[in-house]
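Asker: Sequence and predicted structure, then a few things I'm wondering about:
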2 protein chains.
Amino acid sequence: MEVKVMKNILGENDKIAAENRKLFNDKNILVINLMGSPGSGKTSLLEKTLSKLAEKINVAVIEGDLFTVKDAERIERQNVPVVQINTAGGCHLDAAMVRRAVESLNLDELNLIIVENVGNLVCPAEFDVGENFKAVVLSITEGDDKPLKYPLIFKESAVTLLNKIDLLPYTNFNLENARADLTTIHPNIKIIETSCTTGAGLDEFCDFILMEVKKL
Amino acid sequence: MEVKVMKNILGENDKIAAENRKLFNDKNILVINLMGSPGSGKTSLLEKTLSKLAEKINVAVIEGDLFTVKDAERIERQNVPVVQINTAGGCHLDAAMVRRAVESLNLDELNLIIVENVGNLVCPAEFDVGENFKAVVLSITEGDDKPLKYPLIFKESAVTLLNKIDLLPYTNFNLENARADLTTIHPNIKIIETSCTTGAGLDEFCDFILMEVKKL
């Protein structure tokens, strides 16, 4: 019974996600669904890369959060259009939420929308919002066992950002093991090591995005 | 419609949770529902405290995980009875899962069961499993904004463990702000600063648990 309900919800979500995808495609906009645990550094990564991206393309951000507008306020300071979705306790964004958020953006002027999902390594991976690809942020301090423990999100993501790489010396995170596990789960996954403290990998992340925008 | 389905699920869960609670109460067992983000350090905290606890009381662990038995294997090495629940992708434990897990434990010989929930700062907070109290692990590297961003789980928890406190000097985590926010959300919340690397706070955590066991 529960499974049936879940299937209906997912089926309905997929329909709206397909409509979103068609709209983004028609408008020639790349959409990235950015996911990761609470505190993995999703918003900090956006803070550090948006201005670099905005020099070359027109970018907007959709911010998912349970209740607050804290992240949206941080993004707004980067002078980038931002729309806040409050899920009122909901643990992920769905396609309908993103469709409503997109109504407040001028799609004719955009090349890129980054959707920052609710901090959660489980549920967001199950819900297509109409993105071109998913990206997942895994911070070094979370531990190298996370890819095998939460495989779906890494399987679904085109890119993994191994964030807070500056903290590697203070943890027992085994980079080699993590890379091997990620590649087992998702052989073509792109892995970028990043740090918002040292700036490591941020140019590589921006270049990757800009290349994907160009492909459209 | 979705809300109604959710209410039915929660209503059914609460019924089973009440049955679990009665059973634990009859058997004089304290049950702790341990929650936190992926990588906040829940399993490491158990690894570091179980042997101390086991010197004084009989303790068992129920391990929630999406697919793997990695955490259960770590707990087993502490020579403590452990039952694995695999949620097959589900983002939280519910009361029925815990009831099934408990069937493999000898309840007449136990004083304490610690239920380690799926790594997730959102969904587990909504599901009562029949515990005496919830405890949430927030690691310093997740950032001091998390209590306000994920208020329900801190509101529902009797204790917050501020874990990885040894990494404080390498982050911009503001301890004073975090403590103030936690107390605003939940005025009576107990806050313990812990580190599995330095051992800080682990005795305090054990003493707190032992005192709660004594109260039964």
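Answerer: Yes, it's here. Numbers count the residues shown, from 1 in each chain, chains lettered A, B, ... in the order given.
Asker: Show me which residues of the worst-scoring helix or strand of chain A on mean pLDDT are buried.
Answerer: Counting by mean pLDDT, DSSP states H and E, chain A has its least confident helix or strand at helix A:2-26, which shows a mean of 84. Of the residues in helix A:2-26, A:9, A:13, A:16, A:17, A:20, A:21, A:24 count as buried by neighbour count, 16 or more other C-beta atoms under 10 Å in any protein chain shown. From N, CA and C alone the C-beta is placed, and that goes for glycine too.
Asker: Show me what it is in contact with.
Answerer: Counting by C-beta atoms under 8 Å, 6 or more residues apart in numbering or on different chains, helix A:2-26 makes contact with A:30-31, A:94-96, A:98-99, A:102, A:107, A:113, A:126-132, B:2, B:5, B:9, all of which sit outside it.
Asker: For chain A, which segments count as strands?
Answerer: Remark: strands assigned in chain A by DSSP state E are A:30-36, A:59-65, A:82-86, A:112-116, A:133-139, A:157-163, A:190-193.
Asker: Would you reformat those strands as JSON lines and include distance to residue A:209, mean neighbour count and mean pLDDT?
Answerer: Compiled in JSON lines, those are given as follows (distance: least, C-beta to C-beta, whole Å; neighbours: other C-beta atoms under 10 Å in any protein chain shown; pLDDT from 0 to 100):
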{"stretch": "strand A:30-36", "distance to residue A:209": "7", "mean neighbour count": "26", "mean pLDDT": "98"}
{"stretch": "strand A:59-65", "distance to residue A:209": "9", "mean neighbour count": "27", "mean pLDDT": "96"}
{"stretch": "strand A:82-86", "distance to residue A:209": "17", "mean neighbour count": "20", "mean pLDDT": "95"}
{"stretch": "strand A:112-116", "distance to residue A:209": "7", "mean neighbour count": "26", "mean pLDDT": "98"}
{"stretch": "strand A:133-139", "distance to residue A:209": "9", "mean neighbour count": "25", "mean pLDDT": "98"}
{"stretch": "strand A:157-163", "distance to residue A:209": "9", "mean neighbour count": "23", "mean pLDDT": "98"}
{"stretch": "strand A:190-193", "distance to residue A:209": "11", "mean neighbour count": "18", "mean pLDDT": "98"}
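Asker: Any chance of those strands in JSON lines with distance to chain B as columns?
Answerer: What follows is those, written out as JSON lines (distance: least, C-beta to the nearest C-beta, whole Å):
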{"stretch": "strand A:30-36", "distance to chain B": "9"}
{"stretch": "strand A:59-65", "distance to chain B": "6"}
{"stretch": "strand A:82-86", "distance to chain B": "11"}
{"stretch": "strand A:112-116", "distance to chain B": "12"}
{"stretch": "strand A:133-139", "distance to chain B": "7"}
{"stretch": "strand A:157-163", "distance to chain B": "10"}
{"stretch": "strand A:190-193", "distance to chain B": "16"}
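Asker: now for the ones you listed, which one comes closest to residue B:194?
Answerer: Of all the strands of chain A, it is strand A:133-139 that lies closest to residue B:194, at 18.8 Å by C-beta to C-beta.
Asker: Extract the CA atoms of the closest one and return them as CSV.
Answerer: Coordinates of the C-alpha atoms in strand A:133-139 are reproduced here as CSV (Å, rounded to 0.1, in the frame of the first residue of the first chain):
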residue,chain,number,x,y,z
PHE,A,133,22.3,16.7,-14.1
LYS,A,134,22.7,16.2,-10.4
ALA,A,135,25.8,17.1,-8.5
VAL,A,136,26.5,15.9,-4.9
VAL,A,137,28.7,17.5,-2.4
LEU,A,138,30.5,15.2,0.0
SER,A,139,32.7,16.8,2.6
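Asker: still on that earlier bit, output the strands of chain A as TSV; include the columns distance to residue B:48.
Answerer: As requested, the strands of chain A are arranged in TSV below (distance: least, C-beta to C-beta, whole Å):
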stretch	distance to residue B:48
strand A:30-36	26
strand A:59-65	33
strand A:82-86	37
strand A:112-116	34
strand A:133-139	21
strand A:157-163	26
strand A:190-193	29
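Asker: quick one on the thing from earlier: and the furthest pair within the buried residues of helix A:2-26?
Answerer: Largest separation among the buried residues of helix A:2-26 by C-beta to C-beta: A:9 and A:24, giving 22.1 Å.
Asker: Please name the bridge partners of residue A:84.
Answerer: Applying DSSP bridges to residue A:84 yields these beta-bridge partners: residue A:63.
Asker: Might you report the residue contacts of it?
Answerer: If you count contacts by C-beta under 8 Å, 6+ apart, then residue A:84 has A:63, A:65, A:69, A:72, A:101 around it.
Asker: and of those residues, the nearest to residue A:163?
Answerer: Taking C-beta to C-beta as the measure, residue A:163 sits nearest to residue A:63 out of those, at 17.9 Å.
Asker: Looks like that closest one contacts residue A:71 (just checking).
Answerer: Yes. Counting by C-beta atoms under 8 Å, residue A:71 is a contact partner of residue A:63 at 4.9 Å.
Asker: Show me the common contact partners of those two, please.
Answerer: Common contact partners of residue A:63 and residue A:71 (C-beta under 8 Å, 6+ apart): A:43, A:116.
Asker: Pick out the residue closest to the middle of chain A.
Answerer: Most central residue of chain A, judged by C-alpha distance to the mean C-alpha position with C-alpha atoms, centre = their mean, is residue A:34 at 0.3 Å.
Asker: Isn't that residue up against residue A:116?
Answerer: Yes. Taking contacts as C-beta under 8 Å, residue A:34 lies within contact range of residue A:116: 5.0 Å.
Asker: Tell me the residues that contact both of these two, please.
Answerer: Contact criterion C-beta under 8 Å, 6+ apart; residues bridging residue A:34 and residue A:116 by contacting each: A:42, A:46.
Asker: and the residue lying closest to residue A:182 once chain neighbours are set aside, how many neighbours?
Answerer: What sits nearest to residue A:182 in space, not counting adjacent residues and going by C-beta to C-beta, 6 or more residues apart in numbering or on different chains, is residue A:147, at 5.0 Å. By the criterion of other C-beta atoms under 10 Å in any protein chain shown, residue A:147 has 25 neighbours.
Asker: Before I go, just wanted to say thanks for your time.
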